[in-house]
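Visitor: requesting a structural model of the entry that follows:
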Amino acid sequence: MKLTVLSRPLLAAVLSCAALAAAPSHADDGISHAQPMLPTQPLEIDTHKGAFKFRVEIADTDATQQVGLMYRPTLANDAGMLFEFSTPQEAHFWMEHCAHPLDMVFIDQAGHIHSIARNTKPFSLDPVDSNGDITSVLELRGGRAAEIGAGPGDVVKTAFYRNG
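Guide: Purely as a prediction, here's the structure:
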């Protein structure tokens, strides 16, 4: 799926199995296969049910964000992808080229969950919005956020937020 940052003049293309776009052009994104596995880091989400540990791939460049989780098989319970942005921004994703549902966890500048789009629809071009400024998006297997009890306000610990 594609991701476009609204704060950039011509909507820079950035993607995951979900993607951001204000005026998406889905017809020919030129992406036809999954990217190699990206470097990983530990990540922890603290919820009312406890602390849950993940190993997440880090998508921190336009190129890695553009492809994201496209064409990948479903994620393991302890896996995900973290999209890191240099400045807070509203995010808009879609699920083009993603064959399985994802939970998109939108995280604010302080490392708290701002909102969650749960069980996003595979192959959909409908926008999935952060509904406010965020600095990262964590993509997990669809349904996983509910299983661990994740919700707005919960803390996400990673090296990116210098709290993990």
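
Visitor: list the buried residues in stretch 86-95.
Guide: 89, 90, 91, 92, 93, 94, 95 (16 or more other C-beta atoms under 10 Å). Backbone N, C-alpha and C define where each C-beta goes, glycine included.

Visitor: quick one: which of the residues you listed sit in strands?
Guide: 89, 90, 91, 92, 93 (DSSP state E).

Visitor: just the strands in this protein please.
Guide: 2-4, 13-15, 40-47, 50-59, 79-93, 102-107, 113-117, 128-141, 155-157.

Visitor: ok, back up a step: with pLDDT added, can I get the ones in strands among the buried residues of stretch 86-95 in a markdown table?
Guide: Shown next, in a markdown table, are those (pLDDT from 0 to 100):
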| residue | pLDDT |
| --- | --- |
| 89 | 95 |
| 90 | 95 |
| 91 | 92 |
| 92 | 89 |
| 93 | 85 |
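
Visitor: next one: residue 36 from residue 61, what distance?
Guide: Here the distance between residue 36 and residue 61 works out to 13 Å (C-beta to C-beta, to the nearest Å).

Visitor: who has more neighbours, the two?
Guide: residue 61 (11 against 7; other C-beta atoms under 10 Å).

Visitor: report how many residues lie close to residue 39.
Guide: When neighbours are counted by other C-beta under 10 Å, residue 39 registers 10.

Visitor: my guess is it meets residue 58, correct?
Guide: Yes - applying C-beta atoms under 8 Å as the test, residue 39 and residue 58 come out as touching, 5.6 Å apart.

Visitor: where are the low-confidence patches of the protein?
Guide: Residues of the chain meeting the criterion pLDDT under 70: 1-29.

Visitor: tell me what residue 57 is bridged to.
Guide: residue 40, residue 81 (DSSP bridges).

Visitor: for it, what are its contacts?
Guide: By C-beta atoms under 8 Å, 6 or more residues apart in numbering, the contact set of residue 57 is 37, 38, 39, 40, 79, 80, 81, 82.

Visitor: the closest residue to residue 157 other than its chain neighbours and residue 131: what is the separation?
Guide: Closest residue in space to residue 157, ignoring its immediate chain neighbours: residue 164 at 3.3 Å, by C-beta to C-beta, 6 or more residues apart in numbering. Using C-beta to C-beta, we find residue 164 at a distance of 25 Å from residue 131.

Visitor: same thing with residue 110?
Guide: Distance, residue 110 to residue 131, using C-beta to C-beta: 16 Å.

Visitor: mind giving me the ChimeraX command for buried ones among the contacts of residue 57?
Guide: A single ChimeraX command selects the buried members of the contacts of residue 57 (16+ other C-beta under 10 Å):
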select :38,79,80,81,82
